[in-house]
Each structure stands twice: as structure tokens, then as C-alpha cells.
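Participant: Using only what follows, build the 3D model:
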Amino acid sequence: MSLCALCRREVTVASCLGVCGDCIRRCFSEARPYVEAAHAASRSAFGLPKAPPQDKGGVPCGGCANACVIGEGRRGYCGLRTVGGGRLSVLAGNPEGGLLRWYRDPLPTNCVADWVCAGHDRRGFHNLAVFYAACTADCLFCQNWHYREMSPDNAARIGASDLAAVADERTFCVCFFGGDPAAQMPHALAVSRSLAPRGVRVCWETNGMMERSLLDEALEFSLRTGGCVKFDLKAFDEGLHRALTGVSNRRTLENFARAAARCRERAALPLVVASTLLVPGYVDAEEVAVIARFIASLDPSIPYALLAFAPQFFMADLPRTSLRHAREAEAAARAAGLANVRLANCHLLWE
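Facilitator: Next up is the predicted model:
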């Protein structure tokens, strides 16, 4: 419990922000300076731009919703695009080289969609887990923030064909996550083109910020192979989303609706799965209810996972999600009309 700098109430407040979730939702203009300071600190710690650049006379990137316009000698928000001699250079994320780690994850695994995917009973097989070391967002609570320690300036890259070659007869599925695959979609799609004809199911775990045509291609691979696209819907309120992630959620919501429109093309297995991290003091039952109503308005059968929070990164001073918080969020999601809601990471909950 801390004192919110705006409302002066003693509530759950992350010290990096200094303001509570209620104030962020209800008076974002007043909370904005605190939000911008928090993200400037988290970005500068790793030499990344504090906001998506909009440099006068710069070169547009266009790969994701951030729509960076990058000036000479500068770097894009994800850290993988630079401009030199007036030309855009991709340091990693094209088919020739991805900045990533990979490993074989025995099935069943702790996949967000485990309870509704085909891999949950495939013992003896594995998921090819592809962890991309870049992101289009800046989550202050990032559970996998260590990817930032892999610099595109000196870390080894893996070509799409080389990565696809590590799949073997026990590779049941591939999942692109990170970081986020949205920052390196050309590489992930090239891997998918190699693996899909071999019968490997193609899955994604993403913030959904990629350019629309790239999402469409990702959906096609998942649809054809029996995989799924897992969207991390971190918040519905745009101010709260900016506070938690540093960026807008407009493209994420648009892309989620775009993907949801295709769910009926495959009835046997869910094509789209949603998840939300229950961040104490910020993502409460009220926020979950709004997210759930949005999902239900598109397709009430879309599975929705509510994830318990573990203190990490710049929000390491927050508590774990309480059982009461989780139960209230679950009830709110069901009351919104969703038919398939699951509490996950329950081992983190406390009473």
C-alpha cells in the first residue's frame, strides 16, 4: 500500500508509476507525466527510445502499430530498425536472421491455451518454443524482460531455414512468443512456411500490434495447421494500457476483432485465445469486465485465460495476485457472457 500522487489515497501503487489505476483511468491527462517518466526510465536502462520516434524527415517503418518514423542514425522503438544514409536497415527479424532463443518444451506445457489446444495430451512430443528477443511494447511488469539483454548489435542471429531445420519427428507444434513476434514477423512467417507443410502446428503468443497483412498471414498458418493465435489483452482502457505498456492498444483491439471474425472457419479447435494478466492495483475485475464484454461482443466462445501476476521488472514491488482478486475477475468475465474462462498460474495466488 502506498500513497497515490494524485488522489492521495493509500492504495496499491507501483512505485515506478506513483499513481493508482483508478486515477489513470479517470484522469489520464493528469497521470500522463508520471506514466511518461516511468517508461523513460525503463527504456533508457537498455538504450531504447523512450517513445516511438516521429522524427522530422525520417524514414517510416510500418511494421507495427507504433508507426515509427526514424531519423538518421536513430533507432526504432523495438530496437531492431535503424536508419543510415537515408535508408531503413533491419538489424534482425527478417528471414535471414532472427534475434531469439529457442528450446524444446515437452508437452503438455504451461501454454496460455493449454486447456483448449490439441497439444495438452501429446506426451512424448514437444513444442518448439521460439522466444523472440525484441518487443513492440514496454510492459513495466514484463515477466520475460531479460530478452532486453540480447543486443541486436552483437548477439548471434538465427536464419529462418536454420531454425526450421531443428524441428524433428517429435515436434508437434511451434509457438512464437517473447518479447513479441510482432517485432520480427517476417522471420516467424518464413519459419512457418517451412514447418507448416511438415505437419507442425503453428501458434503465436502476441500483443497483436503487427501490421494487418502480417496478422492475416499468421492466422492462415494457424488455421491450416490446427494452431492458434493467443492475444494478450493487457487492458481495454487506452490510458491504462499506455501506463502499463507505454503504447496504445488500438491496433491490438482492431486486430483481435479481425482475428475473431475468422473463428467460425474452424469449429473443432479454437483459432483465437485471449489472456489478461491480473496486475494488482491496475487490472482489476472492473477492467476484466470491460475486456470480457469486448470479447463476448465478437464471439462468446473465445477462450479467455486470466493469469496470476508475479512481481517482475519495474513492478517488482507489487504483490502477487490474491485469490479474491482472481475470483472477482473470473466472475466478472463470466458475467460478461464468456463461455470458457480459466484461471491460470494459480500456484501464484495467495489468500
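Participant: Show the subsequent helix or strand relative to the host helix or strand of residue 295.
Facilitator: If you go by DSSP states H and E, residue 295 is part of helix 285-298. Past helix 285-298, further along toward the C-terminus, the next helix or strand under DSSP H and E is strand 304-308.
Participant: Can you tell me which helices and strands that next one packs against?
Facilitator: In terms of contacts (3 or more Cβ pairs under 8 Å, 6 or more residues apart in numbering; DSSP states H and E), strand 304-308 is packed against strand 272-278, helix 285-298, helix 323-335, strand 341-344. All C-beta spots, glycine's among them, are computed from the backbone N, C-alpha and C.
Participant: could you dump the ones you listed to a markdown table with mean pLDDT, distance to residue 187 and mean neighbour count?
Facilitator: As requested, the helices and strands packed on strand 304-308 are exported to a markdown table (pLDDT from 0 to 100; distance: least, Cβ to Cβ, whole Å; neighbours: other Cβ atoms under 10 Å):
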| stretch | mean pLDDT | distance to residue 187 | mean neighbour count |
| --- | --- | --- | --- |
| strand 272-278 | 98 | 22 | 24 |
| helix 285-298 | 98 | 29 | 20 |
| helix 323-335 | 98 | 34 | 19 |
| strand 341-344 | 96 | 28 | 19 |
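Participant: Distance to residue 116 added to those, as TSV?
Facilitator: TSV is the format used below for the helices and strands packed on strand 304-308 (distance: least, Cβ to Cβ, whole Å):
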stretch	distance to residue 116
strand 272-278	7
helix 285-298	14
helix 323-335	15
strand 341-344	8
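Participant: Nearest to residue 211 among these would be which one?
Facilitator: Closest to residue 211 of the helices and strands packed on strand 304-308 is strand 272-278 (Cβ to Cβ; 18.1 Å).
Participant: now the angle between helix 285-298 and that closest one, please.
Facilitator: Calculated by axes from the mean of the first three to the mean of the last three Cα atoms, to 10 degrees, strand 272-278 forms an angle of 170 degrees with helix 285-298.
Participant: what's the pLDDT at the residue most central in space within the chain?
Facilitator: The centroid of the chain falls nearest to residue 207 when counting by Cα atoms, centre = their mean (3.2 Å). At residue 207, the model reports a pLDDT of 98.
Participant: My guess is it contacts residue 138. True?
Facilitator: No. Look at residue 207 against residue 138 with Cβ atoms under 8 Å: they stay out of range, at 10.8 Å.
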